[in-house]
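Student: 3D, please:
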Amino acid sequence: MSRVLTRLAAILVAVGLFFTSQSLTAPQQAAAADPGYLMVHFIGEGATNQQMYLSHSTDGLHWSDLNGGGMVLRSTIGTKGVRDPALVRSPDGSKYWIIATDLCISCGQDWNASINNGSRNLVVWESTDLVTWSQPWLLNVAGAIPDGRNAWAPEAIWDPQTNDYVLYWATNVPFNGKTKHRIFYARTSDFHTISAPQIYIDRPGAQEIIDTQIIEMPAGVGDYRYVRASGDGQITLEGSNSILGTWTDLGNLSGIGLTGAMVEGPMWMKFNGQNKWGLYLDQYASSRGYMPVLTTDPSNPASYQTQAAGNYNMGGTKKRHGWILNLTAAEESRVLARWPNTPAQRLQSFNFQDRYVRHANMDVRIDQNVTSDDAKFRMRPGLAGTGTVSFESVNFPGYFLRHANYDFQLVYNDGSAQFAADATFRQVAGLADPTWSSFQSYNHPDHYIRHYAYQLRLDPITTATGRSDATFRLTS
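Tutor: Residues are numbered from 1 along each chain as shown. Alright, predicted model coming up:
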């Protein structure tokens, strides 16, 4: 009788797996009422592509670029480039951190230099609301590693056993006769200070490991509380019941035709309200960015299903090594309001129509025939009041046109009421031509944005020349 029951159970499991595999090839979109997903990523090489970008999805498979596909955070420190970001939310949801590789390939270092004498720092931003971010800071994680030569691909996960974060990353280091990338870890509670780094993952022989990401499993799924996916010549899966405990090799994804020679940068996500996970993989070998594979059991390599191109869409920009956050409804509302797809525009002078407002070394002026991103702004809802506008830089997101002592500079938004007032204006009919625009100061309403000797100023306007100087046109 027991053999009959066992055989019947096996048949039922097989039937269940058949229907599960069918559902994975044609995933259903999450209910419209469910909050969606936020991906932080970079998009390629070059100074502007190795910065922080955001994308949003309602179903975890079809992605839309936020902020018109433009960067949302720019590193102004270290190498002035960032890659491989992780987005960490505190357990109580009161803080968020973005931690990223301090690396700018083809805009400061080549690959050889970055491997053998790269930055030992990570770049970190902090936020309390997911939309207003601190200025970045450098966190030296590899400086204390003897002959540690770089710090790449950081990740972090909350450890409930010790009530802090396990921060882990790859460093190229000679050890035991082999110079290669190994995964190191340290503990931190604030991403300002860390414990002494220790080796976390070291593959045998000369095999390197650079990318690894851990996801926590709910009870009842698989045999492990944690599953990690790593780029180590394959996309290797391992399971453990403790973040710093013993990890069991579960196999790799070569059985579904995905090897480490093709893909890297594994990035997990959990589908809302479903026992289904996505593992996004960066198709670096073919320069195509991320693709998803889906599973109902991350610990079982045989359960993963690749997706037909028509079943997913990555949006307008190439998505590369990043992190996916399942949003709450409040987080989603804030994120979508902060980074709508507002077009980038230039401000053209009325009386010098070959000149446009631009920033240079954070000073603001009008220059001739400038088409670079220095002369492009996104006109946002005013920081200080309804019915007003503020001008955010395209190539320095978070920086706004702000007056101080009636002079204009490009300044990072510190979140203060004074900053908001100084960076807010009322768009009115052009003082020299009503088909153009003028911009009245929010906190000095008798003053307007105008140029004088080609410098941007905030002045009272009393003459015909002043009215012409204070008139502009928004143009692409």
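
Student: so where do the helices sit in the stretch 301-450 of the chain?
Tutor: Using DSSP state H, counting those that start in this stretch, the helices found in the stretch 301-450 of the chain span residues 329-338, 417-422.

Student: May I see those helices arranged in JSON lines, with mean neighbour count and distance to Thr212 as well?
Tutor: C-beta here means a position set from N, CA and C on the backbone, and glycine is covered the same way. Listed next are those as JSON lines, based on neighbours: other Cβ atoms under 10 Å; distance: least, Cβ to Cβ, whole Å:
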{"stretch": "helix 329-338", "mean neighbour count": "15", "distance to Thr212": "26"}
{"stretch": "helix 417-422", "mean neighbour count": "17", "distance to Thr212": "40"}
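
Student: among the ones you listed, which is nearest Ser437?
Tutor: helix 417-422 (19.4 Å; Cβ to Cβ).

Student: for the stretch 251-400 of the chain, what spans make up the strands?
Tutor: 264-270, 277-282, 290-295, 305-306, 320-326, 346-349, 355-360, 363-368, 377-381, 389-393, 399-404 (DSSP state E, counting those that start in this stretch).

Student: For the ones you listed, give me CSV that also has mean neighbour count.
Tutor: Shown next, in CSV, are the strands of the stretch 251-400 of the chain (neighbours: other Cβ atoms under 10 Å):
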stretch, mean neighbour count
strand 264-270, 22
strand 277-282, 25
strand 290-295, 22
strand 305-306, 17
strand 320-326, 23
strand 346-349, 21
strand 355-360, 21
strand 363-368, 17
strand 377-381, 20
strand 389-393, 23
strand 399-404, 21
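
Student: Thr471 is nearest to which of those?
Tutor: strand 346-349 (8.0 Å).

Student: pLDDT of that closest one, averaged?
Tutor: Averaging pLDDT along strand 346-349 gives 98.

Student: What helices and strands are in contact with that strand?
Tutor: Contacts defined by 3 or more Cβ pairs under 8 Å, 6 or more residues apart in numbering; DSSP states H and E place strand 346-349 against strand 355-360, strand 472-475.

Student: same thing but at 10 Å, please
Tutor: strand 355-360, strand 363-368, strand 377-381, strand 448-452, strand 472-475 (3 or more Cβ pairs under 10 Å, 6 or more residues apart in numbering; DSSP states H and E).

Student: Could you chop the chain up by domain?
Tutor: 22-338, 346-475 (automatic domain parsing).

Student: mean pLDDT lowest for which of those domains?
Tutor: domain 22-338 (a mean of 94).

Student: Check the offset of that one from the chain's centre.
Tutor: Centroid separation for domain 22-338 versus its chain: 10 Å, with Cα atoms, centre = their mean, to the nearest Å.

Student: try stretch 461-472
Tutor: Worked out by Cα atoms, centre = their mean, stretch 461-472 lies 42 Å from the chain centre.

Student: Would you mind measuring the gap between the ends of that stretch?
Tutor: 14 Å (Cα to Cα, to the nearest Å).

Student: Buried residues in it, which are they?
Tutor: Within stretch 461-472, the residues scored as buried using 16 or more other Cβ atoms under 10 Å are 461, 466-472.

Student: want to throw the helices of the stretch 301-450 of the chain into JSON lines with distance to Asn300?
Tutor: Formatted as JSON lines, the helices of the stretch 301-450 of the chain follow (distance: least, Cβ to Cβ, whole Å):
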{"stretch": "helix 329-338", "distance to Asn300": "31"}
{"stretch": "helix 417-422", "distance to Asn300": "52"}
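
Student: Neighbours of Ser195, how many?
Tutor: Applying other Cβ atoms under 10 Å, we find 14 other residues in the vicinity of Ser195.

Student: Okay, it and Tyr165: tell me how far apart.
Tutor: Using Cβ to Cβ, to the nearest Å, one gets 11 Å for the distance from Ser195 to Tyr165.

Student: so what sits against both of these two?
Tutor: 185-189 (Cβ atoms under 10 Å, 6 or more residues apart in numbering).

Student: Using PyMOL, define a selection of the buried residues within those residues.
Tutor: To isolate the buried ones among the shared contacts of Ser195 and Tyr165 in PyMOL, judged by 16+ other Cβ under 10 Å, type:
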select buried, resi 185+186+187+188
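
Student: give me the beta-bridge partners of Val82?
Tutor: Asp102 (DSSP bridges).

Student: count of residues packed around it?
Tutor: 27.

Student: Surely it is in contact with Thr48?
Tutor: No. Val82 is beyond contact range of Thr48, at 11.3 Å (criterion: Cβ atoms under 10 Å).

Student: Need the residues touching each of these two.
Tutor: Common neighbours of Val82 and Thr48 (Cβ under 10 Å, 6+ apart) are 71, 74.

Student: ok, now which ones touch the residue nearest to Thr317 when sequence neighbours are not counted?
Tutor: Nearest residue to Thr317, sequence neighbours excluded (Cβ to Cβ, 6 or more residues apart in numbering): Ile43, at 4.7 Å. The neighbourhood of Ile43, defined by Cβ under 10 Å, 6+ apart, consists of 49-53, 55, 65, 69, 71, 289, 316-320, 322.

Student: Which of these are buried? Put it as a ChimeraX command.
Tutor: Filtering those down to the buried ones (16+ other Cβ under 10 Å) takes a single ChimeraX command:
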select :49,50,51,52,53,55,65,69,71,289,317,318,319,320,322
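
Student: and Ile115, what are its phi and psi?
Tutor: phi -80, psi -40 (degrees, to the nearest 10).

Student: separation between the closest residue in space to Val357 that isn't next to it in sequence and Pro298?
Tutor: Nearest residue to Val357 in three dimensions, chain neighbours excluded: Leu347, at 4.0 Å (Cβ to Cβ, 6+ apart). Distance check for Leu347 against Pro298: by Cβ to Cβ, it reads 50 Å.
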